[in-house]
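> Pasting the sequence and the predicted model now:
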Amino acid sequence: MSRAPATSPFTPGYGVLPQVWAGREREFRDFDEVVVPRVRARTYEQARIVTGDRGVGKTVLLTQLADEAADAGDLVAQATARTGPSVVGDLVAALAGTLHAASTAAAVTDAIDETLRRRIGLTVSASSVRLDLGASAGARKRADLDALATSLAVLLERTARAAADRGRLLLLTIDEAQNAGSGALEVLCHTLADVQNRHDRTTGPRGEAVRAYLPLAVYLAGLPSLPERIRSSGSTFFERALTFDLGLLRDPDVATALRGMLDNASVGIEPEALDRLVALIGGYPYFLHLYGKHAWLAGHGDVITLAEVEVAAEAAATDLTRFYGERVRGLGDVAYDWLVAAARLPADERTVGAVAAQLGRTSPQLGSTVESLIGRALIRHEPGRGRFSFALPGLDRYLVPGG
Ligand SMILES: Nc1ncnc2c1ncn2[C@@H]1O[C@H](COP(=O)(O)OP(=O)(O)O)[C@@H](O)[C@H]1O
Ligand SMILES: [Mg+2]
């Protein structure tokens, strides 16, 4: 294959499954060796909560797991939360669709009686199920949410049973879960915790009592603020779940993935060019594709050179300005000034007190600013006393060029 724009293995963007995965062995191994075998065997298994900043790979992880499950004959239902209460309705629609495809239209109408169907706006025909968007998007009233919650619980159980009948599991994924309004999150967590607890009592070979749980695997993904949002929704869901915090990738994993992608395309890379590219990427999955693309485009030879990677660094600058600009867009003056002041400080001196001092304020005066920056996933607490770091690699250099 020749090195041309059309043959680039890099796919900058969001939610695009990479041709070659970098790292994330821990998450894949957990799915393959723990979640799938245990849930299929109907053993109780904790829900997984996947957290991480934007662009670290939450969406593609869920997509990959869902693809693998579907290929293996498991049932899958997926939803992405938008701001507000709509995620509950979206899940109901997704589950109704999954149940319908896995069995029959009658399975859906059996599960949800006509009165309830009318209330939530679900119509079922031989070929499809539809949830009327007006009804689900308008589910702002507590009564509507309750009707949807009832439907959700019923459909979860029925669909999980349909999976159990084939010796398979039901995988439920909810992306961007931090967007769900507090009412929806509460309903969601309570319903999931409830259904996860349901089990049949059977008798084992020696006459012992055995609990067969519903074969339901649950993955929620969201920004680092998600656990706190779930905790404050008042259910026990969070304490019972297992959290995977997707951090940046390790440099050796980035290098291996880059080599794998280039190998597949029969293109080589000079060792020093690879080192430089890995350094530019800084472990951030989104940048792997951004810098990779520019390095690919910087020449035509079948080996990427260091000079070409330097060209790529320049060429990526425009994209990066847009990328960071997008992330700080709409910030208030105080918040923006806070970020700039933090960026001026050396990385190990970025504390609330030091930043406040830079701005001639006290730490308490800036408490809500700091909270809002954390909420927007621009900065995060470092373990250890009061230190912060920028959640996006390179954001400090963007804010204070040459600083
Ligand atoms: N482990 C990885 N290896 C290679 N590419 C990745 C990896 N994780 C993410 N990416 C790439 O980064 C981009 C951003 O990932 P995405 O899942 O959209 O992030 P998030 O949902 O966390 O914001 C995706 O388009 C994907 O191609
Ligand atoms: Mg995402």
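Right, received. Where do you want to start? Ligands and ions are numbered 1, 2, ... in the order given.
> my read: residue 180 touches residue 85, true?
Yes. Counting by Cβ atoms under 8 Å, residue 180 does reach residue 85; the two are 7.5 Å apart. No exception for glycine: its C-beta is placed from N, CA and C like everyone else's.
> So for these two, which residue has more residues nearby?
Between residue 180 and residue 85, counted using other Cβ atoms under 10 Å, the more crowded position is residue 180 (30 against 26).
> residues in contact with the more buried one?
Residue 180 makes contacts with 81, 84, 85, 87, 174, 188, 229, as judged by Cβ atoms under 8 Å, 6 or more residues apart in numbering.
> Inside strands: which ones of these?
Cross-referencing the contacts of residue 180 against strands under DSSP state E gives residue 174.
> Can you tell me which of the contacts of residue 180 are buried?
Buried by 16 or more other Cβ atoms under 10 Å: 81, 85, 87, 174, 188, 229, out of these.
> Now do the contacts for whichever residue of the stretch 51-200 of the chain sits closest to ligand 1.
In the stretch 51-200 of the chain, the residue that lies nearest ligand 1 is residue 57 (2.5 Å; Cβ to the nearest ligand atom). If a contact means Cβ under 8 Å, 6+ apart, then residue 57 has 24, 246, 285 as its contacts.
> out of those, which is most surrounded?
Counting neighbours by other Cβ under 10 Å, residue 285 leads the contacts of residue 57 with 24 neighbours.
> Quick check, pLDDT for the closest residue to that one other than its chain neighbours.
Taking Cβ to Cβ, 6 or more residues apart in numbering, and ignoring the residues beside it in sequence, residue 285 has residue 57 as its nearest neighbour in space, at 4.7 Å. Residue 57 is assigned 96 on the pLDDT scale.
> Start from the N-terminal end of the protein and give the strands.
Residue ranges of the strands in the chain, as given by DSSP E, are 48-51, 75-80, 122-124, 129-131, 170-175, 199-203, 209-213, 216-222, 242-245, 268-269, 303-304, 379-381, 388-390.
> would you list those strands in a markdown table and tack on distance to ligand 1 and mean pLDDT?
Listed next are those as a markdown table, based on distance: least, Cβ to the nearest ligand atom, whole Å; pLDDT from 0 to 100:
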| stretch | distance to ligand 1 | mean pLDDT |
| --- | --- | --- |
| strand 48-51 | 9 | 96 |
| strand 75-80 | 10 | 96 |
| strand 122-124 | 29 | 84 |
| strand 129-131 | 25 | 83 |
| strand 170-175 | 7 | 98 |
| strand 199-203 | 33 | 86 |
| strand 209-213 | 29 | 88 |
| strand 216-222 | 7 | 97 |
| strand 242-245 | 12 | 95 |
| strand 268-269 | 16 | 96 |
| strand 303-304 | 18 | 97 |
| strand 379-381 | 14 | 87 |
| strand 388-390 | 16 | 90 |
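> Of the ones you listed, which is nearest residue 103?
Smallest distance to residue 103 across the strands of the chain (Cβ to Cβ): 9.9 Å, for strand 75-80.
> Please list the residues of the stretch 201-350 of the chain that sit near ligand 1.
Listed as neighbours of ligand 1 in the stretch 201-350 of the chain under the rule Cβ under 6 Å from any ligand atom: 257, 285, 286, 288, 289.
> out of these, which are inside helices?
Among those, the ones falling in helices (DSSP state H) are 257, 285, 286, 288, 289.
> Any stretches of the protein with poor pLDDT?
The chain contains residues with pLDDT under 70 at 1, 133-143, 384, 403.
> And the residue of the stretch 301-403 of the chain that's closest to ligand 1?
For the stretch 301-403 of the chain, Cβ to the nearest ligand atom, closest residue to ligand 1: residue 377, 9.5 Å.
> no no, the stretch 201-350 of the chain
With Cβ to the nearest ligand atom, the shortest gap between the stretch 201-350 of the chain and ligand 1 falls at residue 285, namely 3.3 Å.
> so who does the residue positioned nearest the centre of the chain touch?
What sits nearest the mean C-alpha location of the chain, by Cα atoms, centre = their mean, is residue 58, with 2.9 Å. Taking Cβ under 8 Å, 6+ apart, we find residue 58 in contact with 50, 51, 52, 175, 221, 222, 246.
> need those residues in TSV with distance to residue 268, can you?
Converted to TSV, the contacts of residue 58 look like this (distance: Cβ to Cβ, whole Å):
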residue	distance to residue 268
50	35
51	37
52	32
175	36
221	36
222	39
246	30
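> from those residues, which two are the most distant?
175 and 246 (12.8 Å).
> From the contacts of residue 180, pick the one nearest residue 349.
Using Cβ to Cβ, the contacts of residue 180 come closest to residue 349 at residue 229, 30.5 Å.
> isn't that closest one right up against residue 185?
Yes. Look at residue 229 against residue 185 with Cβ under 8 Å: they come within range, at 6.1 Å.
> hey, what's in contact with both of those two?
Residues touching both residue 229 and residue 185 (Cβ under 8 Å, 6+ apart): residue 177.
> Quick check: beta-bridge partners of residue 174?
The bridge-partner assignment for residue 174, based on DSSP bridges, gives residue 79, residue 220.
> Pretty sure it sits against residue 81.
Yes. Between residue 174 and residue 81 there is a contact under Cβ under 8 Å: 6.2 Å.
> got any residues that touch both of the two?
Residues touching both residue 174 and residue 81 (Cβ under 8 Å, 6+ apart) are 87, 180.
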